[in-house]
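Undergrad: just coords:
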């Protein structure tokens, strides 16, 4: 019976699993998005999100704890200097898993996992949805109307000045 055994072993020994998750976490932190299988991505999410939460406070102890999991000083520096400031106000959910279909060779479910605040494509689509057509249309005619009103008003003044100078 497997009562209470929620951990996915991914058909690997404990040391192999730890090394794999550490390497995947380093790649995710350095590249901001990686492609992998769905079960690995789900386990990576459980592995990396507590590390990102720990990086919110930049203390020596926090750096040592994260380094003990990652064993890569460049990834730790990237996490604390680049990733941490962007996610400082986010209460959790730092990664996103998007399914991409099935691998051709063995039909394994594939996906990519990415850091949420670093996806430029999603950020652009979110900005476009916040705009409304009404606000764009109302600002453009107002600018055009102001430009047309200024030009005819200046022309009679110049003609009047020219007539008074000629007299």
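TA: It's in. In this text the structure is predicted, and so the values were computed from the model without any measurement.
Undergrad: Residue 117 and residue 87 touch, don't they?
TA: Yes - with contact taken as Cβ atoms under 8 Å, residue 117 and residue 87 are classed as touching, separated by 5.6 Å. (C-beta placed from N, C-alpha, C; glycine too.)
Undergrad: what do these two both touch?
TA: Residues touching both residue 117 and residue 87 by Cβ atoms under 8 Å, 6 or more residues apart in numbering: residue 94.
Undergrad: Please enumerate the strands of the chain.
TA: Counting by DSSP state E, the chain has strands at residues 33-37, 95-102, 109-115.
Undergrad: Which residue ranges make up the domains of this structure?
TA: Dividing the chain into domains by automatic domain parsing, as the record does, gives the ranges 14-129, 132-166.
Undergrad: end to end, how far does stretch 99-109 reach?
TA: Chord length of stretch 99-109, first to last residue, is 8 Å (Cα to Cα, to the nearest Å).
Undergrad: Could you do stretch 79-93 as well?
TA: 16 Å.
Undergrad: Going by neighbour count, which residues of that stretch are buried?
TA: Taking 16 or more other Cβ atoms under 10 Å as the basis for neighbour counts, the residues of stretch 79-93 that come out buried are 79, 80, 83, 84, 87.
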